[in-house]
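Student: fold the following and give me the result.
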Amino acid sequence: MSIQLTDNVSSAARRDILDLDRRIRSFQSGDIADEAFRKFRLTRGVYGQRQPGVQMIRIKLPHGRITANQLVRIADLSDQYATGNLHATTRQDIQLHFVKLADSPQLWADLEDASITLKEACGNTVRNVTGSARAGIDPDEPFDITPYAYAIFDYFLRNPICQDMGRKFKISLSSSEKDSAYGYMHDVGLIPRLQDGKRGFKVMLGGGLGAQPFPAQTAYEFLEEDRTIPFIEGVIRVFDRYGERVKRHKARMKYLLNDIGLDELLRRVDEETPALRNKVYTIDATEQSPVLPEDLPAPDLSAHEAILASNPAYATWFKTNVFEQKQAGWYAVQLRVLLGDMNSDTARALASVVRQYAADDIRVTVNQGYLLRYIRPTDLPAVFTALSTLGLATPGFDTTADITTCPGTDTCNLAISSSYGITRALEQMMHDEFPDLVFNDDIKIKISGCMNGCGQHSVANIGYHGSSLKNGAYVLPALQVLLGGGFNGKGEGLIGDKVIKIPSKRGPDSLRLLLRDYEANGFDGEYYSDYYARQGKNYFYQLLKPLADLKTLVDTDYIDWDHTEQYVTEVGVGECASVLIDLVATTLTEAAEKMEWAREAYHDSRWADAVYHAYNVFITGAKAALMSRDIPTNTQHGIVSDFDKTFAGEPGFHPAEGDFKSRVFSINKQEPSEAFATQFMTDADIFLKAVQAYRDVQIEREGMPELQELVQAKDS
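Tutor: Reported below is the predicted structural model:
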């Protein structure tokens with residue numbers, strides 16, 4: 001069945017969708033190796049689930065921004081291809097689960113018809129650009145970062161410099177100094193500032209979560225707005241060239257920064273300046289926010305004030321989920337969504353509420369909720385009633401009672417224990433025993449199903465991640481407790497400490513102890529992370545230590561939340577089995593494909609893109625040649641250096657050591673002009689043909705190589 005594409009689908013998206021469809025057919029017929037196909041589909045937002053034969057589709061929503069019509073489109077497609085559920089993520093995406101692989105191209109086509117993409121939502125690329133949901137209406141912001149988030153997203157989408165990196169790369173923009181987009185845990189975090197009347201950003205580099213979280217380092221206290229995108233491009237180019245590519249757990253930007261230091265990293269970024277596509281990049285930052293008509297009469301607030309006085313539920317909702325925008329007289333409403341999951345019928349009904357009462361500018365929030373903007377105060381009672389009917393008026397948005405969580409073992413390959421079940425249990429316990437926590441927005445609780453941190457547990461004041469414990473011959477689900485992350489009273493972003501590991505079923509007991517201890521011993525107005533720092537890690541270890549006693553286990557401790565069977569430690573079914581392939585031939589095929597991309601960019605007069613694709617031809621071809629001699633490869637810089645030493649004087653390559661390195665690394669010493677693109681592409685093409693000829697001679701002399709086993713490395 002052919003893919004149906006409308007005229008609304010751009011030529012670039014059309015090509016991507018048809019290419020995905022072709023690759024799926026080739027994969028299903030056995031013409032593409034599993035690992036090569038996995039790498040391909042991840043950068044198209046198609047991610048294998050824990051359950052065999054189905055996929056998670058990650059919908060990339062820059063800055064979490066979405067219209068009512070787009071929300072309806074996603075809901076309709078979830079009904080058609082998935083489970084009728086929309087899962088909002090901590091990266092302001094929406095995910096659909098249990099999608100058949102063969103359905104993913106048409107699903108993508110139907111999304112692109114509504115100007116929504118899957119491109120580079122997963123894989124070793126620049127992931128979704130996140131930002132403060134309040135941007136544009138935040139009373140604390142110096143200016144609206146929304147157009148900057150979009151410009152960054154657009155600039156790096158399909159950009160050759162970030163199509164085949166060693167690992168993913170994440171960028172966030174906060175709307176104010178409060179850093180509500182958690183810039184300090186991103187590869188690049190931006191905070192808007194004004195200096196001498198000019199716009200710019202504080203720039204943070206090298207943050208990251210996972211098993212070894214790092215806080216970002218400040219590269220610039222102020223970088224002019226038109227230099228921001230060129231600087232990010234330089235950082236990505238350096239990461240692409242020098243970043244780890246073999247040990248995935250060491251392949252993030254944070255490790256490169258830690259290894260070479262900030263000064264050296266910035267020096268290397270500066271070296272890339274000649275090769276940048278743009279030395280400055282001006283962004284159209286015109287704000288397009290709705291404005292009040294001049295002749296609008298003064299609002300009659302009597303209905304709002306009456307319900308505020310007579311309805312405690314409305315009063316609590318108004319206090320915790322509503323705020324006045326920087327545009328006087330307009331209000332924003334925040335929706336707390338349990339687990340980030342919304343039924344498709346609810347989503348369609350929410351879209352109707354937006355069309356009737358709010359601006360057509362919904363934001364998915366970093367804590368898995370939604371934000372509606374530009375609501376008149378006179379409409380707030382009606383909005384509350386409508387949202388209550390949909391179950392979306394639960395008070396306590398982004399408070400202690402509003403836990404952030406990833407899907408855990410419900411769908412994720414990497415999860416170790418249930419996230420959803422413990423989240424429900426903790427929220428219910430707080431609702432029953434600590435009802436006033438819906439008013440506390442200083443303590444954030446975040447949960448992940450494993451150490452990788454999709455639930456962002458390391459930047460929570462109180463965090464948990466899934467784990468396991470062994471007790472004799474038996475294994476039970478466990479939670480690693482982390483404390484002291486998030487923001488302190490000075491507004492500084494902190495990484496939490498691992499304090500203790502406890503059985504999962506004792507999670508509610510641990511939170512109860514922590515909250516009661518804080519109530520009893522915290523100073524008035526003391527932030528939780530400041531309290532943690534004052535008491536010290538050992539204090540909390542001793543507090544929770546009784547819960548780690550395995551001598552007091554009961555039968556239910558061996559059963560995970562939301563399960564009835566005895567717990568077994570297992571990572572979900574792999575996305576694919578190991579395969580036997582000719583790794584050198586596969587790598588040469590990749591190089592030839594990149595040469596075609598270079599020619600296409602050159603044909604379109606995109607000189608910088610053509611040059612970078614040609615650079616990747618050199619890298620991939622050299623890697624193939626080294627592999628043919630069983631020489632291990634890693635960073636791009638290392639590949640070039642090793643090839644230069646190994647093949648110096650080899651017929652068809654280069655006469656002397658240093659020649660190859662000089663030729664390849666001329667990429668950052670030349671302007672990306674037509675003349676340089678022409679010469680560089682010609683050299684790359686000649687080099688690739690030389691490597692292919694060398695390989696042919698080698699096979700003729702030594703015979704066909706033994707096929708090598710390639711074991712899949714999971715992506716997160």
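Student: buried set for stretch 189-202?
Tutor: Residues 189-193, 199-202 are the ones in stretch 189-202 that count as buried (16 or more other CB atoms under 10 Å). Yep, even glycine has a C-beta here, placed from its N, CA and C like the rest.
Student: ditto for stretch 616-636
Tutor: 616-628, 633-636.
Student: next: stretch 434-453.
Tutor: 434, 437-438, 440, 442-453.
Student: just give me the closest of these to residue 99.
Tutor: Using CB to CB, residue 449 comes nearest to residue 99 of the buried residues of stretch 434-453, at 20.2 Å.
Student: gap between that closest one and residue 417?
Tutor: 6 Å (CB to CB, to the nearest Å).
Student: give the intersection of the neighbour lists for these two.
Tutor: Common neighbours of residue 449 and residue 417 (criterion: CB atoms under 8 Å, 6 or more residues apart in numbering): 408-409, 466.
Student: direction included, what does the strand or helix carrying residue 482 pair against?
Tutor: In the assignment (DSSP states H and E), residue 482 maps to strand 474-483. Strand pairing for strand 474-483, using DSSP bridges, gives strand 462-471 (antiparallel), strand 497-503 (antiparallel).
Student: residue 94 and residue 364 touch, don't they?
Tutor: Yes. Under the contact definition of CB atoms under 8 Å, residue 94 touches residue 364, with a separation of 6.6 Å.
Student: any shared contact partners between the two?
Tutor: With CB under 8 Å, 6+ apart, residue 94 and residue 364 have common neighbours 61, 66, 88.
Student: quick one: those as CSV, columns for secondary structure and pLDDT too.
Tutor: CSV is the format used below for the shared contacts of residue 94 and residue 364 (DSSP: H, G, I helix; E, B strand; the rest coil; pLDDT from 0 to 100):
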residue, secondary structure, pLDDT
61, coil, 97
66, strand, 97
88, strand, 97
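Student: okay, the residues you listed in TSV with neighbour count and distance to residue 523 next?
Tutor: Below are those laid out as TSV (neighbours: other CB atoms under 10 Å; distance: CB to CB, whole Å):
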residue	neighbour count	distance to residue 523
61	26	41
66	25	42
88	24	35
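Student: and of those residues, the nearest to residue 260?
Tutor: The nearest member of those to residue 260, counting by CB to CB, is residue 61 at 33.9 Å.
Student: so that closest one makes contact with residue 89?
Tutor: No. Residue 61 lies out of contact with residue 89 (CB under 8 Å); the separation is 9.5 Å.
Student: common neighbours of the two, please.
Tutor: Counting by CB under 8 Å, 6+ apart, the residues touching both residue 61 and residue 89 are residue 364.
Student: hmm, back to that, among the buried residues of stretch 189-202, which lie within strands?
Tutor: 189-193, 199-202 (DSSP state E).
Student: what about stretch 192-202, how long is it end to end?
Tutor: Its start and end residues considered, stretch 192-202 measures 6 Å (CA to CA, to the nearest Å).
Student: bridging residues for residue 333?
Tutor: Bridge pairing for residue 333 - DSSP bridges - gives residue 322, residue 372.
Student: just give me the neighbour total for the closest residue to residue 488 other than its chain neighbours.
Tutor: Leaving aside its chain neighbours, residue 488 sits nearest to residue 529 (4.3 Å; criterion: CB to CB, 6 or more residues apart in numbering). Per other CB atoms under 10 Å, the neighbour tally for residue 529 reads 26.
Student: same question for the one 4 residues further on.
Tutor: Residues lying near residue 533 (other CB under 10 Å) number 16.
Student: cool, residue 355 as well?
Tutor: Around residue 355 there are 13 residues (other CB under 10 Å).
Student: does it sit in a helix, a strand or a coil?
Tutor: Recorded secondary structure, residue 355: helix (DSSP: H, G, I helix; E, B strand; the rest coil).
Student: got a list of what it touches?
Tutor: residue 68.
Student: mind telling me what element the closest residue to residue 460 other than its chain neighbours is part of?
Tutor: The shortest distance from residue 460 to any non-neighbouring residue, by CB to CB, 6+ apart, is to residue 446 (3.7 Å). According to DSSP H and E, residue 446 maps onto strand 445-448.
Student: measure residue 542 to residue 506 for me?
Tutor: Plainly put, residue 542 is 16 Å away from residue 506 if you go by CB to CB.
Student: between these two, who's got more neighbours?
Tutor: residue 506 (21 against 11).
Student: grab the nearest non-local neighbour of the more buried one.
Tutor: residue 547 is the one closest to residue 506 (CB to CB, 6+ apart), at 4.6 Å.
Student: helices or strands next to the helix or strand harbouring residue 227 in the packing?
Tutor: Per DSSP H and E: residue 227 is located in helix 225-242. Helix 225-242 sits against helix 146-156, strand 188-195, strand 198-205, helix 253-260, helix 262-271, helix 636-646, with contacts defined as 3 or more CB pairs under 8 Å, 6 or more residues apart in numbering; DSSP states H and E.
Student: how about the CA coordinates for that helix, as CSV?
Tutor: What follows is helix 225-242, C-alpha atoms only, in CSV (Å, rounded to 0.1, in the frame of the first residue of the first chain):
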residue,chain,number,x,y,z
GLU,A,225,21.7,36.9,20.5
ASP,A,226,23.1,36.9,16.9
ARG,A,227,26.1,34.9,18.0
THR,A,228,24.2,32.2,19.9
ILE,A,229,23.3,29.8,17.0
PRO,A,230,26.8,30.1,15.5
PHE,A,231,28.3,29.3,18.9
ILE,A,232,26.1,26.2,19.3
GLU,A,233,27.1,25.1,15.8
GLY,A,234,30.7,25.4,16.8
VAL,A,235,30.1,23.3,20.0
ILE,A,236,28.3,20.6,18.0
ARG,A,237,31.1,20.4,15.4
VAL,A,238,33.7,20.0,18.2
PHE,A,239,31.6,17.4,19.9
ASP,A,240,31.1,15.5,16.6
ARG,A,241,34.9,15.5,15.9
TYR,A,242,36.3,14.7,19.4
